[in-house]
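Asker: A structural model of the following input is requested.
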Amino acid sequence: MCKPVSFALCVCALLLSLFLAGCGLSSGKAQVSDPPPTPPSSKNVSTFFGMNQTHYAGCESGYFAFPLFDAPVGAYRNFGGCGTLWADMNPAPNTFDFSRLDILFGALKQKGIDDVLITLGNVPNWISSNPTDLLCDQAAIDRLPPGMCDPPKDLNRDGTGTDLAWRTFATALLNHVTSSSYSGTHAHIGFYEIWNEYPRSDTLNSTFTCHCPTGQKNCANPGQSCAYRGTFAQMLRMTQDLRCIVEGHPDDPITATGQTCGSAGYSAIGLDPSALVAEGNAGGVLGGGDNSTMQNYLYCNNNPPAGSLCNYGSAGSAATDVIIGHSYFNQIPEDLLHGISAQKAMLTTTDAAKPYFTGEGSWGHNSNVDDPGLQAAYVPRWYLVLLMAGVQRGYWFAWDEFEQGGTGGMWAPASQNFPPEECTTPDTGASGFYCGGGIAYIQTVNWLDGATVVDFNCPGTCPQAYPGVFTFNLTRDGGYQAQIAWDSSAGAPCQNVVCGSTSFTAPPFATQWRDVAGNTHAGAPTTIGAAPIIIENMPRP
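Answerer: Reported below is the predicted structural model:
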């Protein structure tokens, strides 16, 4: 998509403008004050701006009874919040509990959000093929059972078997959320995925070793636990079963059984043809076997491990509607350009044309960033990097994880100083405090939502950019012009609002500029730094 030119910059113009119009960035109406005491509504915000939240007051009590995010969000990704994993909603055979899902989805609808990506994962212990497996995510922590990363026992390793427990649950869930009385008061599930981070697997990924999870009692060697410990054939079967129940394409194959969606005896198919399905999320970063594991699931063509039963050609691709990665960065957000471009490079033309989402991402653990100014700076840079990489949606993880061991926190229930995060701006709408990243997120939506990106410039070629000055040029109706600029080579300590002192020549139209804290400055800036600024010819219309 990017085209290098002679002065070592990479310029992308009209194609990105068309992409933004396609994902809805030209239709938003969010407004932000300086800084915002009350954030804009989520209604009409582009679905590009996605969010994860871990805890919600409607489903939890005590310390973690947090309000739903008080920020403009266009799409929500639900991974386990409010007890909405398979294991939570199906605690016993033919027993289903959707009450907490209803509470969350009702709150989302009231906030103006009607677009949910749900990650189901986590096999109930009663149907797990290895119910004592202590190497699974969350095994034996906070009263959770072991064995949730192992496929159901009614599904054989080669993908044969009834898979009846999964099919019964999926049918019950779809019947519940697609009832005629539900959609008017609850958010719609537009996207279903099964496994969260399935490359964390010692059966699919030869570079990964499973450890008992940190926090497990009597765990001698804690570390990264496994998200999945089955075969590729089992993954494919569960995806094909779910896709048949959701979308209902009668001629689609159920590969392992030699049947089709229309002939395999489902009690109901096509319960929500408007929704899309993915196996899960993988890739979007370099290393760790993530991209190669997704490649094998899609095509079985990158030396799948012995015994993983990746023997079905490109059937995984045919059963996948959306490509979903996770993009956390270790150093600077711009490093993600390499990982996302590497993942996209392994896709066929057919899969490259499918929607690409970043289902999770941020700076990772809050302790990874040693300056509160950089935390604020990294939020707009993460979203801007996703735009450069051609990502249709970015779901930040996570709004409410403000603690030392939390991930990407943007809000806290009480005022706190750095470290791990600086959260001191009162959030009067949610009885808490915005962290620097939360304020920066609101500014990012204000800068981008509804704008047309004319072009962007990277030092080097955009997929392989090196540290330096990046710029985005924007327009809006009414003659509005703007440029977002930052220097990715600048770093801590952040001693001014731009977090740096790189000399910069502003565009000739500049009459004012705004920083990530929401402050407006008259005139043209002469320096930039790690924190992006937006330079404008007039106030945003």
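
Asker: need the pLDDT of S27.
Answerer: With respect to pLDDT, S27 scores 29.

Asker: between the two ends of stretch 140-153, what distance do you get?
Answerer: 20 Å (C-alpha to C-alpha, to the nearest Å).

Asker: give me the buried positions along that stretch.
Answerer: Within stretch 140-153, the residues that count as buried by 16 or more other C-beta atoms under 10 Å are A140, I141, L144, P145, P146, G147, M148, C149, D150, P151, P152, K153. The C-beta positions use only the backbone N, C-alpha and C, and glycine is treated the same way.

Asker: can those go into a markdown table with extra columns for pLDDT?
Answerer: Below are those laid out as a markdown table (pLDDT from 0 to 100):
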| residue | pLDDT |
| --- | --- |
| A140 | 95 |
| I141 | 92 |
| L144 | 92 |
| P145 | 96 |
| P146 | 97 |
| G147 | 98 |
| M148 | 98 |
| C149 | 98 |
| D150 | 98 |
| P151 | 98 |
| P152 | 98 |
| K153 | 98 |
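
Asker: farthest pair in those residues?
Answerer: I141 and K153 (22.7 Å; C-beta to C-beta).

Asker: in a strand, I194, correct?
Answerer: Yes - applying DSSP: H, G, I helix; E, B strand; the rest coil, one finds I194 inside a strand.

Asker: distance of it from A172?
Answerer: 16 Å (C-beta to C-beta, to the nearest Å).

Asker: the two: which is more packed in?
Answerer: The neighbour comparison of I194 against A172 (other C-beta atoms under 10 Å) goes to I194, with 24 against 17.

Asker: show me what contacts the residue nearest to N221 when sequence neighbours are not counted?
Answerer: Using C-beta to C-beta, 6 or more residues apart in numbering and skipping residues adjacent in sequence, the residue nearest N221 is H211, 5.7 Å away. H211 is in contact with L135, C219, N221, P222, G223, Q224, S225, counting by C-beta atoms under 8 Å, 6 or more residues apart in numbering.

Asker: what about 7 Å?
Answerer: L135, N221, P222, G223, Q224, S225 (C-beta atoms under 7 Å, 6 or more residues apart in numbering).

Asker: mind checking which of those residues are in strands?
Answerer: Counting by DSSP state E, the part of those found in strands is P222, G223.

Asker: which among the contacts of H211 end up buried?
Answerer: L135, Q224, S225.

Asker: show me which of those residues has the smallest pLDDT value.
Answerer: Q224 (94).

Asker: what sits against that one?
Answerer: R200, H211.

Asker: can you report how many residues lie near the closest residue in space to P152 that isn't next to it in sequence?
Answerer: Distance criterion C-beta to C-beta, 6+ apart; nearest residue to P152, sequence neighbours excluded, is I127 at 4.5 Å. Using other C-beta under 10 Å, I127 has 23 neighbouring residues.

Asker: now do the one 10 residues further on
Answerer: D137: 21 surrounding residues under other C-beta under 10 Å.

Asker: residues contacting the nearest residue to it once chain neighbours are set aside?
Answerer: Distances taken as C-beta to C-beta, 6+ apart place S225 nearest to D137, at 4.9 Å, with adjacent residues excluded. Residues near S225 by C-beta under 7 Å, 6+ apart: L135, C136, D137, A139, C210, H211, C212, P213.

Asker: and the residues you listed, which of them are in strands?
Answerer: C212, P213.

Asker: what segments of the stretch 101-250 of the chain are helices?
Answerer: Applying DSSP state H, counting those that start in this stretch to the stretch 101-250 of the chain gives helices spanning 164-177, 232-247.

Asker: can you list the residues that contact the helix or strand that the last one is followed by?
Answerer: Pointing back at helix 232-247 there. Under the assignment DSSP states H and E, the closest C-terminal helix or strand after helix 232-247 is strand 253-254. Outside of strand 253-254, the residues that reach it under the criterion C-beta under 7 Å, 6+ apart are Q240, T260, C261, A264, A315.

Asker: the fourth one reaches G258, doesn't it?
Answerer: Yep, that's A264 we're talking about. No - the pair A264 / G258 is not scored as a contact, 9.5 Å apart, by C-beta atoms under 7 Å.
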